[in-house]
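Novice: what shape does this take:
(one chain, ligands or ions: 1)
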Amino acid sequence: MSLNHVRPWRNIYRRTSRQIMVGNVPVGGDAPISVQTMTNTVTTDIAGTIAQVQAAAEAGADIVRVSVPDEDSARALKDIVRESPVPIVADIHFHYRRGIEAAEAGAACLRINPGNIGSEARVKEVIQAARDHGCSIRIGVNAGSLEKHLLEKYGEPCPDAMVESGMDHIKILQDHDFHEFKISVKASDVFMAAAAYQQLAEQTDAPIHLGITEAGGLTSGTIKSAIGMGNLLWMGIGDTIRVSLSADPVEEVKVGYEILKSLGLRHRGVNIISCPSCARQGFDVIKTVETLEKRLEHIKTPMSLSIIGCVVNGPGEALMTDVGFTGGGAGSGMVYLAGKASHKMNNDQMVDHIVEEVEKKAASLEAEAAKDAAE
Ligand code: SF4
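Specialist: All right, here's what the predicted structure looks like:
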């Protein structure tokens, strides 16, 4: 149960946006903030791409994007869509035919900028294909590929230029009476992206897709994304997110969830609270947490677990978690259940025991949720 009414400093007031559908996933309005990733296989490697989509979905991705650079990829998309457990967004760059083919192949959304397609007739055709096949559109403005006239007007990529580009693309869709769209204004520079998204949020009620583009490798990209997207989400901006990392798409999904979890915006799986450890630790905190992270990956039910090295912070943290373990003396520690000290456990049996306790708790939470849903 949320206790935000007694902890108002935890409240985040989400910007009011329209809701659209990406396949069966609602984006915007009061829909949960969805987590996306993108495959990095060659799309014509159908089996490899499907495997990556499935792994991402298993890790919690709500939506997966697939690049469609050529006709063969558009053909492959049909099989990928058929096997995918989540809606697929087709990433199209300039060629309008790919957009039409992707819509026909069953893409749930096209990532395409209507201003880059070419003639009015082509724009019309793509929008018609999206409409005919129940496809939404994501306008994806990127600081690195702004239109020439905007670069001339503003001198360099900047938030004003990005938002103007986004609003121009929006106008094209609106002029064609197409409103099932969301929009992103990405930049690899955190300041530029954050400023652009804030301006954009004031100018449109379209759902916003957040991203810090080309953020970097696993560690640096995670930090950049957490700062950039974290601040925007905290301000209430953002309806769907993609963390861009030079890493496995599964890592992008995990980081996306961690950002949302940190802000209490969405929960999935076990949120482990652990201390950094020091000379006082009663067991090897770092190794234990590493092992538990892996052993608890299969738990999808939102719950919390505290793993704390000693009594300095252990009981206090355990008070606020579903399951807790606090190191003590003589090779054993205290297990906490629902915030209360429950029983002692030897360090050498502790990992197996904690996994069991977490699985038990997850099963009881799931049973409760099923009962509530049935009532
Ligand atoms: S909780 Fe104990 S073991 Fe962990 S960092 Fe603090 S003092 Fe050290």
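Novice: pLDDT below threshold where in the protein?
Specialist: Within the chain, the stretches with pLDDT under 70 are 1-5.
Novice: do that again at 50, thanks
Specialist: By pLDDT under 50, the weakly predicted segments of the chain are 1.
Novice: enumerate the residues of it near the ligand.
Specialist: Residues of the chain lying near the ligand by CB under 6 Å from any ligand atom: 275, 276, 277, 278, 280, 281, 308, 309, 310, 312, 313. (C-beta placed from N, C-alpha, C; glycine too.)
Novice: make JSON lines out of those residues and add neighbour count and secondary structure.
Specialist: Formatted as JSON lines, those follow (neighbours: other CB atoms under 10 Å; DSSP: H, G, I helix; E, B strand; the rest coil):
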{"residue": "275", "neighbour count": "21", "secondary structure": "coil"}
{"residue": "276", "neighbour count": "8", "secondary structure": "coil"}
{"residue": "277", "neighbour count": "20", "secondary structure": "coil"}
{"residue": "278", "neighbour count": "10", "secondary structure": "coil"}
{"residue": "280", "neighbour count": "12", "secondary structure": "coil"}
{"residue": "281", "neighbour count": "17", "secondary structure": "coil"}
{"residue": "308", "neighbour count": "27", "secondary structure": "strand"}
{"residue": "309", "neighbour count": "26", "secondary structure": "coil"}
{"residue": "310", "neighbour count": "20", "secondary structure": "coil"}
{"residue": "312", "neighbour count": "14", "secondary structure": "coil"}
{"residue": "313", "neighbour count": "15", "secondary structure": "coil"}
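Novice: nearest to residue 365, of those?
Specialist: Proximity of the residues of the chain next to the ligand to residue 365 (CB to CB) peaks at residue 308, which lies at 22.1 Å.
Novice: how about CSV for the residues of the chain next to the ligand, with distance to residue 366 added?
Specialist: Below are these laid out as CSV (distance: CB to CB, whole Å):
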residue, distance to residue 366
275, 29
276, 32
277, 32
278, 36
280, 36
281, 33
308, 26
309, 30
310, 33
312, 34
313, 30
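Novice: now the closest residue to the ligand within the stretch 201-350 of the chain: how far from residue 342?
Specialist: At 2.6 Å from the ligand, residue 309 is the closest residue in the stretch 201-350 of the chain, using CB to the nearest ligand atom. With distances taken as CB to CB, to the nearest Å, residue 309 is found 19 Å from residue 342.
Novice: next up, the contacts around residue 341.
Specialist: By CB atoms under 8 Å, 6 or more residues apart in numbering, the contact list for residue 341 reads 315, 318, 334, 335.
Novice: in strands only, show me those.
Specialist: Using DSSP state E, the subset of the contacts of residue 341 located in strands is 334, 335.
Novice: switch the contacts of residue 341 over to CSV; also include neighbour count.
Specialist: Below are the contacts of residue 341 laid out as CSV (neighbours: other CB atoms under 10 Å):
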residue, neighbour count
315, 17
318, 28
334, 20
335, 19
